[in-house]
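[1] generate coordinates for the sequence data below:
(one chain, ligands or ions: 1)
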Amino acid sequence: MYDKLIKLTPEKNVMVNEPLKNHTYTHLGGEADFLVTPETYEQVQEIVKLANKEAIAFTLLGNGSNLIVKDGGIRGIVMNLQKLTSIKTDEEIVVAQSGARIIDVSREALRVKLAGLEFACGIPGSVGGALFMNAGAYGGEIKDVLVRTKVVDREGVLLDLTADQLDLEYRKSNIPEKGYIVLEATFSLQTAEYGAIKAIMDDLTYKRESKQPLEYPSCGSVFKRPPGYFAGKLIQDSALQGQEIGGAQVSLKHAGFIINKNGASAKEYIALIHHVQDTVKGKFGVNLEREVKIIGED
Ligand code: FAD
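    Below you'll find the model as predicted:
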């Protein structure tokens, strides 16, 4: 497989037995058989076609901030678009490639005095990952600003879609169901005063830094907001804060976060997620649905 991959993308873009804990926010996860980082849309298409032709497992990794990779790692090809990071602006339009961090897109919007992406200034995902789950915070979400996207489908065909074609809802899109790989996103923003945009971003950053345990590896909020409740409050009221399994701990700063406090394994981290779910279900009868994806082998 290695020989076939390096015919499609330069050798430096193909890593063998690469530890995924170096590519995830939780610092968890075993090795990927092959981690490929294509540099062009054509390379992405060709690698997808190769995976299909060879019937080899294919997994897409963004910035690794909303998933947990298990200790056994991932078989087959893992693709990461970290080398596709351009961000271009033209009047009130911003076009960003999917490997760009959404934080950097929001900073670029500030630089050119465009409002609308302030909510994303502290979300540590890639543009692709942000579209995948319609990322949002503090009342804003991707759905509010996205107008078009370029994706590659399961067959390796490049498609130009409108935002509506992604069926964006609360922390959800049809990207997983359709198997799209996002290559590019076009956002429509509004001209505003630099100081006004910056003030909002500073305020949101302050809120985030004071409430979230950003000093530790984590995957952000582990659970979705259950209808009629707040996950963090339920966890707090279940006296789960500070509880540990191995090196994983329910954060004392933000009950909705589980931190990798001390070299946890994915097994320990996942066991703590289950413990939180079981305890909250037992005490309040509420199912905490995971926002975070768990992938890979035990
Ligand atoms: P990953 O975690 O790498 O992947 C998540 C899913 O997206 C995977 O299924 C992957 O296959 C898919 N994906 C990634 N790239 C692409 C692509 N190019 N095309 C198609 N699918 C793709 N989220 C919020 O919504 N709001 C918040 O306020 C927020 N705060 C956070 C704070 C912290 C400290 C952390 C660690 C996380 C937070 N998150 C938040 C979660 C996370 O940052 C977002 O969900 C982000 O959108 C995930 O992007 P990613 O690139 O890291 O995706």
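[2] can you name the residues of the stretch 1-150 of the chain that neighbour the ligand?
    25, 60-67, 81, 98, 123-126, 128-130, 132-133, 135-137 (Cβ under 6 Å from any ligand atom). (Each C-beta comes from the backbone N, C-alpha and C, glycine too.)
[3] so which of these are in helices?
    Taking DSSP state H, the ones among those that sit in helices are 128-130, 132.
[4] most neighbours, which of those residues?
    Highest neighbour count within these: Ala130, with 31 neighbours (other Cβ atoms under 10 Å).
[5] nearest residue to it other than its sequence neighbours?
    Sequence neighbours aside, Ile102 is the residue nearest to Ala130 in space, at 4.4 Å (criterion: Cβ to Cβ, 6 or more residues apart in numbering).
[6] cool, Ile68 as well?
    Spatial nearest neighbour of Ile68, excluding adjacent residues (Cβ to Cβ, 6+ apart): Ile294 at 4.8 Å.
[7] ok, the closest residue to Thr162 other than its chain neighbours - contacts?
    Leaving aside its sequence neighbours, Thr162 sits nearest to Arg148 (Cβ to Cβ, 6+ apart; 5.9 Å). Arg148 makes contacts with 160-163, 185-186, as judged by Cβ atoms under 8 Å, 6 or more residues apart in numbering.
[8] what is the nearest of the ones in helices among the residues of the stretch 1-150 of the chain next to the ligand to Leu110?
    Taking Cβ to Cβ as the measure, Leu110 sits nearest to Ala130 out of these, at 16.8 Å.
[9] the closest one contacts Pro124, doesn't it?
    No - contact criterion Cβ atoms under 8 Å: Ala130 and Pro124 do not qualify, at 10.0 Å.
[10] just confirm the residue nearest to Ile68 contacts Leu67, I think it does.
    Yes - Ile294 lies in contact with Leu67 (Cβ under 8 Å); the separation is 7.1 Å.
[11] hang on, the earlier thing: quick one: strands adjacent to whichever strand or helix holds the residue nearest to Thr162?
    Applying DSSP states H and E as the criterion places Arg148 in strand 146-152. Here strand 146-152 has these sheet partners by DSSP bridges: strand 158-162 (antiparallel), strand 181-188 (antiparallel).
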